[in-house]
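A structural model of the following input is requested.
(3 chains)
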Amino acid sequence: MAEPSPAALQGGLLLSGGLRPVQPGGVVLAARGVSKNFPAVRALVAVDFELKAGEIHALLGENGAGKSTLIKVMTGVYERDGGDVVLAGRIIHPAHAGEAQALGISTVYQEVNLIPTLSVAENLMLERQPGRFGFVNWRRLRADARQMLARMGLDIDVSRPLGGFSVAVQQLVAIARAIALNARVLILDEPTASLDREEIDLLFAVMRDLRAAGLGIIFVTHFLDQVYEITDRITVLRNGQLIGTYETAELSQIDLVHHMLGRQLESASHRRKRPATGAPAADLVSVRGLGRRRLMEPLDLEVRAGELVGLAGLLGSGRTETAKLIFGAENADCGEVRVAGAAVDTSSPRRAIRAGFGFCPEDRKVEGIVPELSVRENIILALQARQGWHRPIPRAEQQRLADQMIEALGIATPDSEKPVGQLSGGNQQKCILARWLVSSPRFLILDEPTRGIDVGGHADIITLLRQLCDEGMGLLVASSELEEIVAVADRVAVLRDRRKVAELSGEAVTRAGIIEAIAQ
Amino acid sequence: MNGLSSSRNKAATAGEPGLVAGFLRSRAFWPVLVLLLILMANAFISPGFFEVTIVDGHLFGSLVDVVHRGAPTALVAVGMAVVIGTRGIDLSVGAIIAICGAVMAVLTRDTGFSPAVIMLAVMGTGALCGLWNGVLVAFLGIQPIIATLILMVAGRGIAQMITDGQIVTFHSAFFEALGAGHFAYIPVRVEVALAAVLLLALLLRRTALGLFVEAVGGNAAASRLAGIEARGITVFAYVISGLCAALAGIIIAADIRGADANNAGLWLELDAILSVVIGGASLMGGRFYIGLTVIGALTIQSLTTGILVSGLPPQYNLIVKAAAVLVVLLLQAPRSRALLRARLGGLFGGKRHV
Amino acid sequence: MFKSFFSERTLPLAATILVCLALYGWGMIQYRGFRDTLVLGNLLTDNAFLIITAIGMTFVILAGGIDLSVGSMIAFVGVLIAVLTRDFGFHPLAAAFVALVIGSLLGGAMGWLIQAFDIQPFIITLAGMFFLRGMAFLINLDSVPISHPFVDAFAAFRIPLPGKGWLSASALVMLAAVAGGIVIAHFTRFGRNVYAVGGDRASAALMGVPVGRTTVRVYALSGFFSALGGVIYAFYTASSYPLAAVGVELDAIAAVVIGGTLLAGGIGFIAGTFIGGLIQGIIQTLIAFDGSLNSWWTKIVIGGLLFTFIVMQRLLTRSFVGLRKAA
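From the prediction side, this is the model:
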């Protein structure tokens, strides 16, 4: 592993002329006061970041913290608005990802960006095939490919199509391609999100080898265990600002979670008080051992009528996955869902809806709105689907429902006939919420109900959720905002690394309590 | 289409409120304008184009001819519009027309069934063809172009098998009336096609089926999460297309009083797709417009008829159609629209400064 | 080695070879005439223009597109050559050269429209189909014989095979085209880029493949091969007719699919297309030998084969690409 291949060396000499070699332990890549603004958002505010040669450096933060923006600025995908990016002591201005790679900064994404139908060898060598006059020398191509993989301890048949291998192997091939040139810095963006434990071990072994060979590795992940298992240092970002860089060994998990989520004063006044209706209501929905391999470990969960249960956890902890499994949008391979004590079939959204479920997805563009359809049509869609095609909702009734919802949720639209695709994100979210409200489910699952919604709308939706509870609906709310969970939830299921790790109720539902449960 | 801003300008300068301005802004504006322009051009080339006279108790003239010939195309196009609404395409409609014509001709010639039974059998055949396509697309997950290609290839063979490779002719007063007869001065086939289109429009717009079709075409994942049986809707769309093609097949066979497995409905799939696109629907699905699709079909037929009456050799027909497809596609393509808007914006901006 | 041969990529090809051998074997058992090399020679000659056209189609489908204009291209090229030789005194070879250049340019133009405006290939090439057929009509409405000593010599040329059979000039050009297609597809960077673009367009772009240029060139290549198919068709029949080769685009697509190329793009072999074209020829010949079956059975059997292969592909890709998409 230690010595790079002749091809890699040659590439290095050709492409990185002028860059000094970096001793292990020296800073290979640095961001100095880097800023990046988007319309209406300051994505990065004077962020400093240093990556040493021969270290694995975790880059952590919640949604919107600025991790991916920082990576994109350093790899030339985005142009920076201020500050410097310094590679091996020289300020660089890569104009696109290809240029950054030529300089020695390679990125491997979670979604393997290779071609599954081509052989492993070709994936490694595409656009750099050996040969002349536009012809390909297959013998040398395969030999070079085998050599590249051998250096990573991978011995597979390189002439087989990549798509036939496991995601882990595909991931390793992507890394091999990324470092084949003169890589000094390797950025791994959530490489382990869909891997088994054994596959993760394989990947980590390769990462350790690369670290020993002097590469600087930036590791973005949502799995805290993995952070402590493999990284040397941790940099935490929050809201586009640097919170700090820490030695992994010296940072406790609870401090880490606090850094990621921020320390805020507990606002007890927001605590929702259960209405004193006497005896506790029976379980409305109970989930028993529901899970799917590689997606979510089996979990139990109960929601009672008139109760709001929160799903808390860091990004990637399995909140969305849990919601989708319960609604049948993802197929579970074990467990069952009971409604009022009787087992119900929730193997598809249609069946779940028949059982009285509703689901507002997190990604409203992809899974929520039908952009060409009008606000009115989007709002009545689920109700109409439940009624069946032959019992159309009369136009006047549609209009009444739509107008009522536009009014009640404050959807900003000139009229109910505007295509939803032309509304702002927050208003689209309200339309989907409205879609479920008009179909009056018994049990409503909301994934990030307030994401992308302005402050006023935020408060409206919180009030609305409470109102729905008071009317006897059961709610399950997955949210990355701890304040929101604490403010509305009667009970909280805490997730970590695709597992339910704790359940808090009553007075234990506090910010500190949740953080403690996550970091335990 | 991209004339949104310019049409608004027109409305503003003309100062016409209400209906006219509304029409200028509506999506019907461009298809109707194009149809009118082509009709005007036809009238310009052959001055008698708009003349309609009554001969032998029925209407007679080039305009009537357009509607008469355009009826089968419009029928097939309307079915195609529904399929395109689900983000699909049906290349097999020409073959379905051939199969249905063959079934009808053979049944009429060889059996004593009443015309109603025969029509039912033929419509059933068309529905079956559509079901086949729909199952391939919805349940086997095959791309629509490819799935319908199978029937497009095999269909004419099946039709030939049914007719035993011959052009089967038949005699039936009922079908002759359907193909070439007139009722209340108007060709019967036009009335039948019109009735079918109205029935379909009612079926789609007076139930929730139309909404579901558009929801599935616009965002299949979201439709599934909202509880719509997306696969069933997709199958439904192809069955509708099969039924429309079957009825068109009946009309075409009734017209020539026979079935020609090789040539019945040849290239009609192209005219149908073109009609839908001219009617303003995107090939990317999500919306279908029955009325505007009919306008599109009439536009194509006027183009064809116009070339005929102008005395130009009919072979220009194909080239003109190709050019029409290209122009409409380029006008629809988001990329060229963005380009155009940028150019036009610069132009108007410049004028304002002067 | 055994395992890698029957991998996801080669399984459809293996099935194709099996079908081809089974059909031919069946013919040899059933009919004495089939055992003769005469049948083989005729197969290669009669299907030469189809197989040449299908090679171009293979590239297009490998890149994830489709070209519906090839049948019209064959007719257009035929008419063009006839008129150039008859009315303008071109040598047939010179006329063929002009036809090949124009064919490539027209194909490239369609590729550019698809690429530059991001419009679905099937509708652009559909317009191309109309356009070329119309152009053929425009140049000449009737059937025109191509009479020239060179064309006579071309039609008369034959290399004897062992047995009674012989290889015609058409067959030789076709075999050369197959060889050329194989070299382009498997041994050039351009060819590999075609596979990459068809396999995953977005990833290919990220990996540095010039996606746009490759797309344009693929359609130009299809234009070239279908024009070459038209040249062979014209020389072989020594005539031209604007209604020639109606529906050949479907036969070509069928040859590609039966030849084991994935319709979604990214996987396939030129050699498979060659065999796929032969299978269609064998089916036709078998039906002709039978005498009691009618010609429409060809279409039905080919439709059935097409269906079988498409469903097989679908099941294969589910198990194969599924791994990646599940990630």
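
isn't residue A:353 up against residue A:382?
Yes: taking contacts as C-beta atoms under 8 Å, residue A:353 lies within contact range of residue A:382: 6.8 Å. For every residue, glycine as well, the C-beta is placed using N, CA and C.

show me the shaky parts of chain B.
Across chain B, the ranges flagged by pLDDT under 70 are B:1-25, B:337, B:340-354.

let's see that with 50 instead.
B:1-16, B:346-354 (pLDDT under 50).

need the residues of it near chain A, please.
With C-beta under 8 Å from any C-beta of the partner chain as the criterion, chain B meets chain A at residues B:206-209, B:211-212, B:214-215, B:218-219, B:221-229, B:286-287.

what count of nearby residues applies to residue 212?
With no chain named, the answer covers chain A. 12 (other C-beta atoms under 10 Å in any protein chain shown).

not quite, go with chain B.
27.

and stretch A:150-165, which residues are buried?
A:151-152, A:154, A:156-165 (16 or more other C-beta atoms under 10 Å in any protein chain shown).

ok, stretch B:169-182 next?
Here stretch B:169-182 shows B:170, B:172, B:175, B:178-182 as buried, counting by 16+ other C-beta under 10 Å.

just flag the most distant two among these.
Spatially, the most separated pair among the buried residues of stretch B:169-182 is B:170 and B:182, at 20.7 Å (C-beta to C-beta).

residue A:113 contacts residue A:174, correct?
Yes: using C-beta under 8 Å, residue A:113 makes contact with residue A:174 at a distance of 6.9 Å.

higher neighbour count, the two?
The residue with more neighbours, out of residue A:113 and residue A:174, is residue A:174; 24 against 19, by other C-beta under 10 Å.

show me the contacts for the more buried one.
A:108, A:112-114 (C-beta atoms under 8 Å, 6 or more residues apart in numbering or on different chains).

from those residues, which land in helices?
Assignment to helices by DSSP state H places none of the contacts of residue A:174 there.

by neighbours, which of the residues you listed wins?
residue A:114 (27 neighbours).

that residue reaches residue C:207, doesn't it?
Yes: using C-beta under 8 Å, residue A:114 is in contact with residue C:207, at 7.3 Å.

find residues that contact each of these two.
residue A:177.

what kind of secondary structure is residue 284 in?
Assuming you mean chain A. strand (DSSP: H, G, I helix; E, B strand; the rest coil).

what's the neighbour count on it?
22.

you'd agree it is up against residue A:304?
Yes: under the criterion of C-beta under 8 Å, residue A:284 makes contact with residue A:304 at 5.4 Å.

overlap in contacts, those two.
residue A:474.

enumerate the residues of the stretch 101-250 of chain B near chain C.
Residues of the stretch 101-250 of chain B lying near chain C (C-beta under 8 Å from any C-beta): B:140-143, B:145-147, B:149-161, B:164-165.

list the residue ranges of the stretch 1-150 of chain C that fall below the pLDDT cut-off.
In the stretch 1-150 of chain C (pLDDT under 50), the answer is C:1-6.

for it, just list every one of the helices.
C:2-5, C:11-30, C:37-46, C:48-62, C:70-88, C:92-117, C:121-139, C:149-156 (DSSP state H, counting those that start in this stretch).

gap between the fourth one and the chain center?
Shown here is helix C:48-62, whose average C-alpha point lies 3 Å from the average C-alpha point of the whole chain (C-alpha atoms, centre = their mean, to the nearest Å).

that one and chain B, any residue contact?
No: using C-beta under 8 Å from any C-beta, we find that helix C:48-62 stays clear of chain B, coming within 10.0 Å at best.

tell me what that helix is packed against?
Applying 3 or more C-beta pairs under 8 Å, 6 or more residues apart in numbering or on different chains; DSSP states H and E, we find helix C:48-62 packed against helix C:70-88, helix C:169-187, helix C:189-199, helix C:211-237, helix C:248-258, helix C:270-290.

mind doing that once more with 6 Å?
helix C:169-187, helix C:189-199, helix C:211-237, helix C:248-258, helix C:270-290 (3 or more C-beta pairs under 6 Å, 6 or more residues apart in numbering or on different chains; DSSP states H and E).

return the set of buried residues in the third one.
Of the residues in helix C:211-237, those with enough neighbours to count as buried (16+ other C-beta under 10 Å) are C:211, C:214-237.

quick one: classify the residue nearest in space to the middle of chain B as helix, strand or coil.
With distances taken as C-alpha atoms, centre = their mean, the residue of chain B nearest its centroid is residue B:77 (1.7 Å). Following three-state DSSP, we place residue B:77 in the helix state.

find the nearest non-adjacent residue to it, please.
residue B:275 (3.6 Å; C-beta to C-beta, 6 or more residues apart in numbering or on different chains).

send me the helix or strand that contains that neighbour as CSV with only the CA atoms.
Here residue B:275 sits within helix B:268-278, counting by DSSP states H and E. Below are the C-alpha coordinates for helix B:268-278, written out as CSV (Å, rounded to 0.1, in the frame of the first residue of the first chain):
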residue,chain,number,x,y,z
LEU,B,268,-51.4,6.8,-37.5
GLU,B,269,-49.5,6.5,-34.2
LEU,B,270,-47.3,9.3,-35.4
ASP,B,271,-50.2,11.6,-36.2
ALA,B,272,-51.7,10.8,-32.9
ILE,B,273,-48.6,11.7,-30.9
LEU,B,274,-48.3,14.8,-33.0
SER,B,275,-51.9,15.8,-32.2
VAL,B,276,-51.3,15.5,-28.5
VAL,B,277,-48.1,17.5,-28.6
ILE,B,278,-49.8,20.2,-30.8
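
tell me which other helices or strands that helix touches.
helix B:62-85, helix B:93-110, helix B:290-310, helix B:316-332.

mind running it again at 8 Å?
Against helix B:268-278 (3+ C-beta pairs under 8 Å, 6+ apart) you get helix B:62-85, helix B:93-110, helix B:290-310, helix B:316-332, helix C:121-139.

okay if I get those as JSON lines plus distance to residue A:330?
What follows is those, written out as JSON lines (distance: least, C-beta to C-beta, whole Å):
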{"stretch": "helix B:62-85", "distance to residue A:330": "28"}
{"stretch": "helix B:93-110", "distance to residue A:330": "38"}
{"stretch": "helix B:290-310", "distance to residue A:330": "37"}
{"stretch": "helix B:316-332", "distance to residue A:330": "36"}
{"stretch": "helix C:121-139", "distance to residue A:330": "33"}
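
and the strands in chain B, which stretches?
B:53-55, B:58-60, B:168-169, B:182-183, B:186-187, B:258-259 (DSSP state E).

just say which of those is most tucked in.
strand B:258-259 (a mean of 26; mean count of other C-beta atoms under 10 Å in any protein chain shown).

that strand close to chain C?
No: judged by C-beta under 8 Å from any C-beta, strand B:258-259 and chain C are separated, with a smallest distance of 13.4 Å.

follow-up on the earlier one: whichever of the residues of the stretch 101-250 of chain B next to chain C end up buried, select them in ChimeraX.
Selection command for ChimeraX covering only the buried members of these, criterion 16+ other C-beta under 10 Å:
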select /B:142,143,145,146,147,149,150,151,152,153,154,155,156,157,158,159,160,161
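
quick one: which of the residues of the stretch 101-250 of chain B next to chain C sit in helices?
Short answer: these in helices (DSSP H) are B:145-147, B:149-161.

can you lay out the helices and strands packed on helix C:48-62 as CSV showing mean pLDDT and distance to chain A?
Conversion of the helices and strands packed on helix C:48-62 to CSV gives the following (pLDDT from 0 to 100; distance: least, C-beta to the nearest C-beta, whole Å):
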stretch, mean pLDDT, distance to chain A
helix C:169-187, 94, 5
helix C:189-199, 92, 4
helix C:211-237, 94, 11
helix C:248-258, 89, 16
helix C:270-290, 89, 15
